[in-house]
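Undergrad: Fold the stuff below for me.
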Amino acid sequence: MNDTFLKACRGEQTDYTPIWMMRQAGRYLPEYQAVRGNVTFLELCKNPELCVEVTLQPIDLLNMDAAILFSDILIPMEAMGTPLMFHEGKGPIFPEPIRTQDAVNRLRVPDPDAETGFVMETIRLLRRELNVPLIGFSGAPFTLATYLIEGGSSKVFWETKKMMFTAPELFHALMDKITECTSLYLQAQARAGAQALQIFDSWAGVLAPCDFEEFALPYVQRIINDLKDTGLPIIYFANNGATLLDLSVQSGADVIGLDWRINIGEAITRVGEKAVQGNIDPFALLLPEAKLRKRIQGILDGARDAHGHIFNLGHGIHQFTPPAQAKLAVDLVHELSAR
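TA: This next block holds a predicted model:
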């Protein structure tokens, strides 16, 4: 197996800088679209054989150094007992938002093997097929809570912050339950065979540092502490989180994910003895080859003093990115970082 990614997570010397891309199995690939055209998104997420197929696509087509399990961060939220729908153009919708103590009380903490067993089966099947490490993942509790409270995506997070500031006990009760669910879910992924785990905090950047420290970070810390016995590398990614970087380091994660809004050299200085993952702007993949080469070289140069570096986008790959440009980026990272 090519274990370059795992070595970088652990801060070990590697022959080159490994690369994978968030949302690397997805809408930008025609091969994915061919699979997706026959099923709904939720049906795809719950079909292990199809999840294996789309997880493998960017490995086979683009030569990524790690695979990430194809699923969605909201799958365990549905298992908690709240209806979930996906609408084209609108994204995920929870038609029964969680905004009262009674609603929180009705949420259950599911057995991940019994109620999300299709995820664990996907992991087991993938481990038989892959020659690169497999990353399992979950959403972070704050990000998951925003979807449950808002009833879907949001731009201003009015309902979430209203609960935080006017009913903090209710907010913390919801976070406690989501945290327990998420911790068990990631432990089950580890047992099934995941070789690293990433926690996505997609909406953490909407918080002031003091609010992140009070309302989000303790729950991430609890999950990561629960995962220590797995021995797996843990990646924590707080999107739009440059202002939260010093606090993110306190999460206990082995690898800190970086978006593109911070210079990678500056981030590495602040992160200290932890590996980093990132951090090219996803839209920079549209650059012509010479400029893309220069951009990638700049990030590699900036990361030379990192305890370990995994090259990645600063967020998920955009659905209209030409696959040839993604392949070019992978090839350039491998070429330019070869020791």
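Undergrad: in its sheet, what does the lowest-mean-pLDDT helix or strand in the chain sit against?
TA: Lowest by mean pLDDT, DSSP states H and E among the helices and strands of the chain is strand 85-87, with a mean of 90. Strand 85-87 pairs in its sheet with strand 91-93 (antiparallel), by DSSP bridges.
Undergrad: Can you list the buried residues in the strand it pairs with?
TA: 92, 93 (16 or more other Cβ atoms under 10 Å). Quick note: C-beta positions are derived from backbone N, CA and C, even for glycine.
Undergrad: Packing partners of the helix or strand that it is followed by?
TA: Using DSSP states H and E, the helix or strand that follows strand 91-93 in sequence is helix 101-106. On a contact count with 3 or more Cβ pairs under 8 Å, 6 or more residues apart in numbering; DSSP states H and E, helix 101-106 meets helix 168-192.
Undergrad: Skip ahead from the helix it packs on and say which helix or strand is next.
TA: Helices and strands here follow DSSP H and E; after helix 168-192, the next one along the chain is strand 196-201.
Undergrad: returning to what we had before: give the buried residues for the least confident helix or strand of the chain.
TA: Buried-residue list, strand 85-87, by 16+ other Cβ under 10 Å: residue 86.
Undergrad: Dig out what the most centrally placed residue in the chain forms beta bridges with.
TA: Geometric centre of the chain, nearest residue: residue 200, 3.8 Å, by Cα atoms, centre = their mean. Beta-bridge pairing for residue 200 (DSSP bridges): residue 139, residue 237.
Undergrad: sorry, back to before: starting at the chain centroid, how far to the least confident helix or strand of the chain?
TA: For strand 85-87, the separation from the chain centroid amounts to 20 Å (computed by Cα atoms, centre = their mean, to the nearest Å).
Undergrad: At which residues are the strands of this protein located?
TA: Using DSSP state E, the strands of the chain run over 67-68, 85-87, 91-93, 134-139, 196-201, 234-238, 255-257, 275-277, 309-310.
Undergrad: Just the C-alpha atoms of the fifth one, please, in CSV.
TA: Put plainly, it is strand 196-201. Extracted C-alpha coordinates of strand 196-201, given in CSV (Å, rounded to 0.1, in the frame of the first residue of the first chain):
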residue,chain,number,x,y,z
ALA,A,196,-7.7,8.1,9.3
LEU,A,197,-10.6,10.2,10.4
GLN,A,198,-11.5,13.8,9.4
ILE,A,199,-13.9,16.1,11.3
PHE,A,200,-15.5,18.7,9.1
ASP,A,201,-16.5,22.0,10.8
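Undergrad: what's the average pLDDT for that strand?
TA: Averaged over strand 196-201, pLDDT sits at 98.
Undergrad: name the helices or strands packed onto it?
TA: helix 4-9, strand 134-139, helix 141-150, helix 168-192, helix 217-227, strand 234-238.
Undergrad: can you list contacts of the fifth one?
TA: Put plainly, it is helix 217-227. Here helix 217-227 makes contact (Cβ atoms under 8 Å, 6 or more residues apart in numbering) with 138, 140-142, 175-176, 178-179, 182-183, 186-187, 190, 197, 199, 201, 234, 236, 247-248, 250-253.
Undergrad: same question, the third one
TA: For helix 141-150, the surrounding residues in contact (Cβ under 8 Å, 6+ apart) are 73-74, 77, 82, 92, 94, 97-99, 153-154, 157-160, 163, 171, 174-175, 178-179, 182, 200-204, 207, 212, 215-216, 219-220, 223.
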